[in-house]
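Student: Need a 3D model of the sequence below.
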Amino acid sequence: MQKLVCFLSLVTLLSVLTVVVSAQNPPAPPTIAPSPSLVKGGKCYELRTYIAAPGKLEELHARFRNHTLKLFKKHGMEVVGFWGPTDKEKGSENTLIYVLAYPNREARDAAWKAFAADPEWQAARKESEKNGKLTDKVDSVIMGSTDYAPVK
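Tutor: Just a heads-up that it's a prediction; the model follows:
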């Protein structure tokens, strides 16, 4: 029994140390390991997929339509397009997909930082979420064009 208590104490201590070390060492930025087929120094594209909270997809569309698009333009974020799945089993009731373009990754990072700090965005988000959050999940994929793509 005493060995079990010692073992559990050790496991607890290791768990606490892991949390402390994790807090002091935030996750590293993503490792960029591009394929040789990606255009070097080309535009940066971002594929974003939003999963709306139940019953909130149309409110999410309205926020983009009425506020977010204008703020994207203000912060130099080029909208390539917005899409939604057409099949229910693929998320037509709760999914919004869009692509943004930037001159490069650094411009993308600076644009999102400025966007997040913009008081107009903060007010629009707060107002649009007064009856609950609009999204359950947001996924982002940073992409570069391939050397054989018609879009560079």
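Student: Next, give phi and psi for the spatially closest residue to Pro103 that is not a sequence neighbour.
Tutor: Closest residue to Pro103 apart from its sequence neighbours, by C-beta to C-beta, 6 or more residues apart in numbering: Lys43 at 6.4 Å. For glycine as for every other residue, the C-beta is placed from the backbone atoms N, C-alpha and C. Backbone torsions of Lys43, given as degrees, to the nearest 10, read phi -60, psi 160.
Student: can you pull the contacts of Lys43?
Tutor: Shown in contact with Lys43 (C-beta atoms under 8 Å, 6 or more residues apart in numbering): Ala101, Tyr102, Pro103, Asn104, Gly144, Ser145, Lys152.
Student: now do Trp121
Tutor: His67, Thr68, Leu71, Phe115.
Student: what about the closest residue in space to the third one that isn't next to it in sequence, distance to Asp87?
Tutor: Spelled out, it's Leu71. Of all residues not flanking Leu71 in the chain, Trp121 sits nearest, at 5.2 Å (C-beta to C-beta, 6+ apart). Distance of Trp121 to Asp87, given as C-beta to C-beta, to the nearest Å: 32 Å.
Student: Quick one: neighbours of the nearest residue to Thr146 once chain neighbours are set aside, just the number.
Tutor: Distances taken as C-beta to C-beta, 6+ apart place Ser37 nearest to Thr146, at 4.9 Å, with adjacent residues excluded. Counted with other C-beta atoms under 10 Å, residues neighbouring Ser37 total 11.
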